[in-house]
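1. Predicted model and sequence follow; I will ask about them next.
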Amino acid sequence: MRVRHPHCPDWGIGQVQSVVGDRVTVNFENKGKVMIRVDVIALIPVEPDAP
């Protein structure tokens, strides 16, 4: 799944790497891997490109 961070748009689009409970590891284009607690930050899903 591809996502954006609502408070850090400069990180770019991130690819979810793993989900363990409320912890999600996301690899962002401009930030790298970040662990995010989704009970604190609601990531924004990015729709896949239409064919």
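-> Structure received. Numbers count the residues shown, from 1 in each chain.

2. in this structure, which spans are strands?
-> 2-4, 14-20, 23-28, 32-37, 44-45 (DSSP state E).

3. any chance of those in a markdown table, plus mean pLDDT and mean neighbour count?
-> Just so you know, the C-beta spots here come from the backbone N, C-alpha and C atoms, and that holds for glycine as well. Output for the strands of the chain, formatted as a markdown table (pLDDT from 0 to 100; neighbours: other CB atoms under 10 Å):
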| stretch | mean pLDDT | mean neighbour count |
| --- | --- | --- |
| strand 2-4 | 97 | 17 |
| strand 14-20 | 97 | 14 |
| strand 23-28 | 98 | 17 |
| strand 32-37 | 98 | 13 |
| strand 44-45 | 96 | 12 |
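
4. What residues sit buried inside stretch 35-51?
-> Across stretch 35-51, burial judged by 16 or more other CB atoms under 10 Å covers 36, 43.

5. Name the residues that touch that stretch?
-> By CB atoms under 8 Å, 6 or more residues apart in numbering, the surrounding residues in contact with stretch 35-51 are 1-7, 13-14, 22-26.
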